[in-house]
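Q: Can you look at this prediction? I've put the sequence above it.
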Amino acid sequence: MSEEVLARPPVIGITPSPSTDTFSHGTFERYALSTNYARAIEHAGGIPIVLVPQLDHLSHLVRILDGVLLSGGGDIRPSRYGDSTVHPETYGIHDLRDEFELALARSALELDLPLLCICRGIQVLNVALGGTLIQDIGDQVPTTIEHRQQRREIPSTEPSHEVEIVPGSLLHAIYGDTVIAVNSFHHQALREVASELRVVGRAPDGIVEAVELAGRRFVLGVQWHPEMMFEAHPEHLKPFRALVEAAEARRAVLAFTEPVLGAGRGGERP
Ligand SMILES: N[C@@H](CCC(=O)NCCCC(=O)O)C(=O)O
């Protein structure tokens, strides 16, 4: 690994939301990404790059990254986790995004790339590992918590409910507390949690809010949006710092193992 690579901050690939937007000069499909995600990675010491959804060169793509961030957005097509029905509240299904992010998550796990999964991202992680989703909390879960806080006109920077964190978990080590206040912008949630994942955070109504995967450098999924909160509430920068630090540690190890094992070894799991 070159000295230049070792000298630079870790490169963190962030998945965008495809959107079709109309302007005076025409209608275009674009890749949208809230700048909050990029600022959070930059404040945490990484270099953010936007990943164009594609499958042809995925094996090369994951080898030029030091970490991955799966961002928020539309619903996953329910048939991808075995549901034959599509709830009326379903929105924003995009098949290329689904296919790209599911494959990206699996590749990142194979290469032990540090992986932070936010909102839609935790749902992608769960489905990628064989789990399922609640298609609509409001219709299928008896709860008094409004998980779409925009309906209560609570600003995105502010929390709308608490999350209880499992003591001794990675998430507990990151936040340094077992109860945190988070924002909430989702109508779906994890139903059957993939067997490899550990639930480490729940809302007061029992909705899964965070999962981890043991045996990897760093795999964390959260249902809230720390990127929207960290500038008003600095504790929410911590998950991004943990991602960047794990990416730096992985690269340091590769710097010593590649000369022995050969270039291109992306740190695949033995
Ligand atoms: N569609 C899923 C995930 C919701 C989600 O990612 N919300 C983010 C909204 C802002 C953005 O698009 O980034 C669900 O509703 O559960």
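A: Here it is on my side, so go on.
Q: Helix, strand, or coil at Arg63?
A: At Arg63 the chain is in coil, as set by DSSP: H, G, I helix; E, B strand; the rest coil.
Q: repeat for Leu109
A: helix.
Q: remind me which residues of the stretch 101-250 of the chain are low pLDDT?
A: Along the stretch 101-250 of the chain, no part satisfies pLDDT under 70.
Q: in the sheet, who's paired with Leu133?
A: As for beta bridges, Leu133 partners with Leu190 under DSSP bridges.
Q: For it, give me its contacts.
A: Going by CB atoms under 8 Å, 6 or more residues apart in numbering, Leu133 touches Ile76, Pro78, Tyr81, Asp83, Gln123, Asn126, Val127, Gln188, Ala189, Leu190, Arg191. To be clear about C-beta, it is placed using only N, CA and C from the backbone, and glycine gets the same treatment.
Q: do the same with Ala103
A: Leu55, Leu58.
Q: With Gln54 instead?
A: Here Gln54 is in contact with Leu96, Phe100 (criterion: CB under 8 Å, 6+ apart).
Q: can you check Ile93 too?
A: Gly74, Asp75, Ile76, Arg77.
Q: Equivalent analysis for His25, please.
A: His25 neighbours (CB under 8 Å, 6+ apart): none.
Q: Once you drop chain neighbours, what's closest to the residue of the stretch 1-150 of the chain found nearest the ligand?
A: Nearest to the ligand in the stretch 1-150 of the chain, going by CB to the nearest ligand atom, is Gly72, at a distance of 2.8 Å. Among residues not flanking Gly72 along the chain, Cys119 sits closest, at 3.7 Å (CB to CB, 6 or more residues apart in numbering).
Q: Report how many residues lie close to that neighbour.
A: Neighbours of Cys119 under the rule other CB atoms under 10 Å: 24.
Q: isn't it right up against Gln223?
A: Yes. Contact criterion CB atoms under 8 Å: Cys119 and Gln223 qualify, at 6.0 Å.
Q: which residues do these two both contact?
A: His186.
Q: Among the contacts of Leu133, name the buried ones.
A: Ile76, Pro78, Tyr81, Gln123, Asn126, Val127, Gln188, Ala189, Leu190, Arg191 (16 or more other CB atoms under 10 Å).
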